[in-house]
Every structure is written in structure tokens, then in C-alpha cells.
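1. Starting from these lines, generate the structure:
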Amino acid sequence: MLDSPQTRSENADFRDEAAITPYDHYGELFEAVALAHIFPDSKTFADAIPRQPPEQIMEAYEQQRSQPGFDLGAFVADHFYSDVLPGKGYESRPEHDLITHIDNLWPVLTRNSRQHPRWSSLLALCEDYVVPGGRFREYYYWDSYFIMLGLAASGENHLVRAVTDNCAALIHRHGHMPNGNRSYYLSRSQPPLFSMMVELTERQGLRDAIDYLPQLEQEYAFWMDGEETLAPGESHRRCVRLSEEHWLNRHWDDRTTPREESFREDLELAGISRRHAEALFRDLRAGAESGWDFSGRWLDDVQDLSSIRTTHFVTPELNALLFHLEQTLSRLHAAVGDDSKAGDFRHRALRRRDAMDHYLWSDSRGAYYDYDFTRGRSSVHLTAACVVPLFVGAASDAQAERVANIVANRLLAPGGLVTTEITDSNEQWDHPNGWAPLQWMAIEGLRTYGFTELADDIADRWLALVEDLYRRERKLVEKYVLYPGADFAIGGEYPLQDGFGWTNGVTRALLAQRAGHQ
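-> As a prediction, the model looks like this:
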């Protein structure tokens, strides 16, 4: 039994430590642990808690590594604590229905923010937070919005506000919302849903959206960094200028090293790839920022992950969410009487919608597609990302009708909305898997434009799928196969995870809607 790691209070300043990741600290030791398969999951060591200051550990490693009989596994055990997941032994009770099960899971998935391990990769948070579950034992950006939907439906309003306040605090501290509250996630973000979090928090009557205006502006500045210096055809970080009039955004990561949570896997992939390793690592990292890690939508060869080209695409869902952020900033600046800024952001939202129509909308195919701006052509892959412009109200009525038709005829599966039509990639964000956030955005987007019957059909199919697995296995999982004949989803870099935050959130919100309609 491990004793407790040394901790600091929540008021300590972690900024200097947060800028340095485990790989920065441990270098050769980190790589040696990954390649020696000390842990089945690379993330385990990235999350491990040092027993001493990192410099002392590295001094000991340099002294001992060349000695006869040196045992790397024993060295790691001597110098690090395991970041054990609290609540691991939770088991559902057979007499509980799905709503009761989800409501009982929220405290199991809630983490205490007031004590954080010293020298670890975990970033301090100001409030308690809810984690997805399984190997995902920290606060994640886009997961958290969909978790909030369920918290609101369960009456956990204190956690609804806490999720938003944590996001605001991280944006204030680091200039953007990281992928999650780990130092190794700081070089990237995830789909920008903070404006949606603020909107939900305000709708619940928990806090005025104006309180978050500074952080909303910081978020926007992060995504648009470099905008003013770009000539047509140029890009900088996440911002792409496509023409004199059009700017759109892509996913990016500032680092070009293997992802620390998947270090061994990235090194091994680079070892069999003909690509320059730094370019490969950046595209893998950008794929992680997209939240779709991974999908054939990013690949030149859908069966070869090393052909990933995430940074070459501007996408419907990213730009739709930034459209929502621009609209939110316009509304809030108008509310505080700053008509100049309100007008500027209104113009930016209209400019983005025009660019989306020009580059992401395919009139010949009747849906939104990724656009490969380095090759100057639209992607061939239809994906569920085409529903997100409807979710934020960026589509025209005519566009929404055509997307609804595409969804009904090509993306609707027995269990809900299919992720892509790509059937042979073995990536988890492809057919035949379904994911809770995509169901929610499709359902709400279709309802916004009056396609209620189709929206209800997707909701009913998804709830039947989740409820069926719950009856048989007494759990909710990260993703689902949408077709009969297979219990558990396939593909990806890690085993299927139980828990599971955003499945709980979306399912609980849909069940509340169903109850409200009865």
C-alpha cells in the first residue's frame, strides 16, 4: 500500500512548474520507461507523482543506470507514486434504473481540487471537478460541457458552475483552456466550448455571462493568434487566411515531440513512417486537440495512421464553435454598452459564416466537409461534424434541410448518428462507433431548424442503445457500436473506458427531455 504523496494547498502558485512537462523533467528516463513497457498504458507514467524533486530523481537515475543489475521498474517504483483513481471499486446496483445510476456516479467521478500533488503533471483547479472516468482522471475541455448537461439535469448546479469557473480560471492563468489539466496538455486545447459552458451556466441562473467576458476574449485571442500578420494563403498556429476576405481555423499543437500520454505509441509509429518525425508528431497532437483522436478524416491512407495531416484541414465543427464564440462576444459587449466591440464581433461572425459557406459547404453534395487548404480541395469524407453548424445556428434554412436529408439517408444507424462513413480505418472516431457529443449536437441542431421528428428519432435510438447495454452490463461506456451484433466499440489506442462522463451527461440530459415531454 502506497503512502500519501506530498501535497500543496490550492492557493499555491503552480505556474512555473506547470510550464514543464514530465518529458521536460525526465527526458531519457521518460523515454526509457516508455520503451521498456514498464506500464501497459503510456499515460500511467506521465501521470505518476514524484516522491522527490525531479532534479533529485534524475541525479539518482544518472548515478544508478549504468550499475550492474540496475532494475528500471524498481527504480520507478522507488521514486514515483502511482496516481491511483479514487472510486475504482464502484459497482452499480441491479435495482437502480439508468437515471439513478447516473445520478449516483457524479460523486464517484468528482475530484477534490483543494489538494494537488507536488511536482506532478496535474494542474491546480479552483473548484472541484468531474472527470470522464477510467484512464481519464483529470478535467477535460470538451468532455466537460457534455458532462455539464447531465449535471444540470441531475440538479448538481454547484458542479455546473464549478466546471465553468475551472475553465475560466485555466484560461486566465494560461491564456487558453488546455486539452485537460495536465502540464503535458498545455501546448494544445480542444474544441472551444467555453462560450457554450457560459451560456448554460447563465441559463441555469448560476452566474451572469458578463462575468466571464475577459476569459471569453482570451479564448478568442488564442484561436486567432497571428491573424493580423497573415497574407492570403498563409497560416500561423491555429489561424488560416484563405483569401483577402476569409479567415478560418484549424487544429494545432505548439510541440513537435511524442504525446506524453501516448509516448511509446508515437515513437513506434514514427519508427515505421517515412515522414519527418516532428511533422508526424505535430499532426498527431493536433488530432488530439480536435477531440477526434483518431479518424480516417485526417488520413491520406485510412489504414495508415502515419499519413495523418490534421494541421492541413479547416473543419466545420471548429469554425462553427468559434462562430458561437464570436456571437457570444458580440452579445456581451452590447450588454455592457461597448457598441464598437459588439459590432466588430458581429462582423467577425458574419465573416466566418461566409467563409464556412465558401470553403466548408459543398452545394453539390449538400453538407459541410473538411477543407484541405494546402491542396485547395474539399475532403472526400462525410462526417458527423456536418451537424455542428446547425447546432450553433450558422446554417441557412436551405443548408439545414440538406444536412438533415444527408443525416437521415447516410449517417443514421440503428443506434444513432454514425461518426463517419469510413469503414476500414480501425480508428475509434469512425464507423461503426457512435459518440455521445455528436448525438447531442445533431439532436439539438436539427431541433433548432425544425427537424424535430429526425432529432427525436436519433435520441430514441441512442437511448435504446445505452439502456440496452446498461441492462446487460450495468455500466455506461465511452463509445458504442451503433449496429446490432457487437457489445463494445472498437478501434483506438487504448481499451474501451467505463464511466463515462460525456455519455452520462448526454444520456441524463436526453432522459430529462423525454420526461419533460411526457
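2. Identify the residues contacting the longest helix anywhere in the chain?
-> Longest helix of the chain, by residue count under DSSP state H: helix 452-473. Defining contact as CB atoms under 8 Å, 6 or more residues apart in numbering, one finds that helix 452-473 is touched by 98, 101, 404, 407-408, 412-417, 434, 436, 439, 442-444, 446-447, 475-477, 480, 482, 487, 503, 506-507, 510-511, 513-514. All C-beta atoms are positioned from the backbone trio N, CA, C, and that covers glycine.
3. so how far is it off the chain centroid?
-> 23 Å (CA atoms, centre = their mean, to the nearest Å).
4. cool, stretch 377-392 as well?
-> Put simply, stretch 377-392 sits 17 Å off its chain's centre (CA atoms, centre = their mean).
5. One more: stretch 220-240?
-> Relative to its chain's centre, stretch 220-240 lies at 22 Å (CA atoms, centre = their mean).
6. Now do the end-to-end distance for it.
-> This stretch, stretch 220-240, spans 14 Å end to end (CA to CA, to the nearest Å).
7. Also stretch 94-103?
-> End-to-end for stretch 94-103, by CA to CA: 15 Å.
8. try stretch 265-280
-> Using CA to CA, the two ends of stretch 265-280 sit 12 Å apart.
9. what residues does it touch?
-> The contact list for stretch 265-280 (CB under 8 Å, 6+ apart) reads 31, 34-35, 42, 256-259, 281, 284, 305-306, 308, 493.
10. Which ones among those lie within helices?
-> Of the contacts of stretch 265-280, the ones assigned to helices by DSSP H are 31, 34, 35, 281, 284.
11. Return the closest of those with respect to residue 187.
-> Relative to residue 187, the closest of these is residue 281; by CB to CB it sits at 11.0 Å.
12. Would you mind checking the contacts of helix 452-473 for buried ones?
-> Buried by 16 or more other CB atoms under 10 Å: 98, 101, 404, 407, 412-413, 415-417, 434, 436, 439, 442-444, 446-447, 475-477, 480, 482, 503, 506-507, 510-511, 513, out of those.
13. out of these, which are inside strands?
-> Among the buried ones among the contacts of helix 452-473, the members falling in strands are 412, 413, 416, 417, 434, 480 (criterion: DSSP state E).
14. can you list the residues you listed in CSV and add pLDDT and distance to residue 204?
-> Converted to CSV, these look like this (pLDDT from 0 to 100; distance: CB to CB, whole Å):
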residue, pLDDT, distance to residue 204
412, 98, 31
413, 98, 32
416, 98, 26
417, 98, 26
434, 97, 28
480, 96, 28
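15. got the residues you listed as JSON lines, with distance to residue 141 columns?
-> Shown next, in JSON lines, are those (distance: CB to CB, whole Å):
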{"residue": "412", "distance to residue 141": "28"}
{"residue": "413", "distance to residue 141": "27"}
{"residue": "416", "distance to residue 141": "23"}
{"residue": "417", "distance to residue 141": "22"}
{"residue": "434", "distance to residue 141": "21"}
{"residue": "480", "distance to residue 141": "22"}
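16. Of those, which is the nearest to residue 370?
-> Nearest member of these to residue 370, counting by CB to CB, is residue 417, at 17.3 Å.
17. Now do the contacts for that closest one.
-> Residue 417 makes contact with 384, 387, 407, 411, 434, 438, 439, 442, 458, 462, 482 under the criterion CB under 8 Å, 6+ apart.
18. Tell me what it is bridged to.
-> Judged by DSSP bridges, the bridge partners of residue 417 are residue 412.
19. how close does it sit to residue 166?
-> According to CB to CB, to the nearest Å, residue 417 and residue 166 sit 29 Å apart.
20. Equivalent analysis for residue 49, please.
-> Residue 49 is 21 Å from residue 166, by CB to CB.
21. again, but for residue 380
-> Distance, residue 380 to residue 166, by CB to CB: 39 Å.
22. neighbour-wise, which of the two wins?
-> Applying other CB atoms under 10 Å to residue 380 and residue 166 shows that residue 166 carries more neighbours, namely 24 against 12.
23. how about the more buried one, phi and psi?
-> For residue 166, the backbone dihedrals are phi -60, psi -40 (criterion: degrees, to the nearest 10).
24. Three-state assignment for the nearest residue in space to it that is not next to it in sequence, please.
-> Using CB to CB, 6 or more residues apart in numbering and skipping residues adjacent in sequence, the residue nearest residue 166 is residue 125, 4.7 Å away. What DSSP: H, G, I helix; E, B strand; the rest coil gives for residue 125 is coil.
25. pLDDT wise, what is residue 125 at?
-> We have a pLDDT of 93 for residue 125.
26. could you list every residue that touches it?
-> Neighbour list for residue 125: 10, 113, 139, 166, 169, 170, 181 [criterion: CB under 8 Å, 6+ apart].
27. what's the spacing between it and residue 511?
-> According to CB to CB, residue 125 and residue 511 sit 28 Å apart.
28. And residue 463, by the same measure?
-> In terms of CB to CB, residue 463 sits 7 Å off from residue 511.
29. hang on, the earlier thing: quick one: which of the contacts of stretch 265-280 is the most crowded by neighbours?
-> Counting neighbours by other CB under 10 Å, the top entry in the contacts of stretch 265-280 is residue 308, with 28 neighbours.
30. Let me see the confidence value for that residue.
-> You'll see residue 308 listed with a pLDDT of 98.
31. which residues does it form a beta bridge with?
-> The bridge-partner assignment for residue 308, based on DSSP bridges, gives residue 299.
32. Surely it touches residue 298?
-> Yes - using CB atoms under 8 Å, residue 308 is in contact with residue 298, at 4.9 Å.
33. any shared contact partners between the two?
-> Both residue 308 and residue 298 are in contact with 283, 287, where contact means CB under 8 Å, 6+ apart.
34. CA-only coordinates of stretch 377-388 in CSV, if you can.
-> The C-alpha trace of stretch 377-388 is given here as CSV (Å, rounded to 0.1, in the frame of the first residue of the first chain):
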residue,chain,number,x,y,z
ARG,A,377,-9.9,21.0,-52.2
SER,A,378,-12.7,19.6,-50.1
SER,A,379,-12.3,16.3,-48.2
VAL,A,380,-14.0,13.2,-49.7
HIS,A,381,-15.2,12.1,-46.3
LEU,A,382,-18.7,12.8,-45.0
THR,A,383,-18.6,13.0,-41.2
ALA,A,384,-21.0,13.8,-38.4
ALA,A,385,-19.1,17.1,-38.0
CYS,A,386,-21.5,18.4,-40.6
VAL,A,387,-24.2,18.8,-37.9
VAL,A,388,-22.3,21.3,-35.8
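35. Tell me who's in contact with residue 52.
-> Applying CB under 8 Å, 6+ apart to residue 52 gives the contacts residue 79.
36. 10 Å instead, please
-> Contact analysis of residue 52 by CB atoms under 10 Å, 6 or more residues apart in numbering lists 6, 58, 59, 60, 78, 79, 80, 118, 119.
37. continuing past the helix or strand hosting the fourth one, what's the next helix or strand?
-> Using DSSP states H and E, the element containing residue 60 is helix 54-64. Note on helix 54-64: by DSSP H and E, the next helix or strand toward the C-terminus is helix 72-79.
38. least trustworthy helix or strand in this protein by mean pLDDT?
-> Ranked by mean pLDDT, DSSP states H and E, the weakest helix or strand in the chain is strand 7-9, scoring a mean of 36.
39. State the pair within the ones in helices among the contacts of stretch 265-280 that is farthest apart.
-> The largest distance within these, taken as CB to CB, falls between 35 and 284 and amounts to 17.4 Å.
40. who's in contact with the closest residue to residue 229 other than its chain neighbours?
-> Of all residues not flanking residue 229 in the chain, residue 236 sits nearest, at 6.6 Å (CB to CB, 6+ apart). For residue 236, the contact set (CB under 10 Å, 6+ apart) comprises 224, 225, 226, 227, 228, 229, 230, 252.
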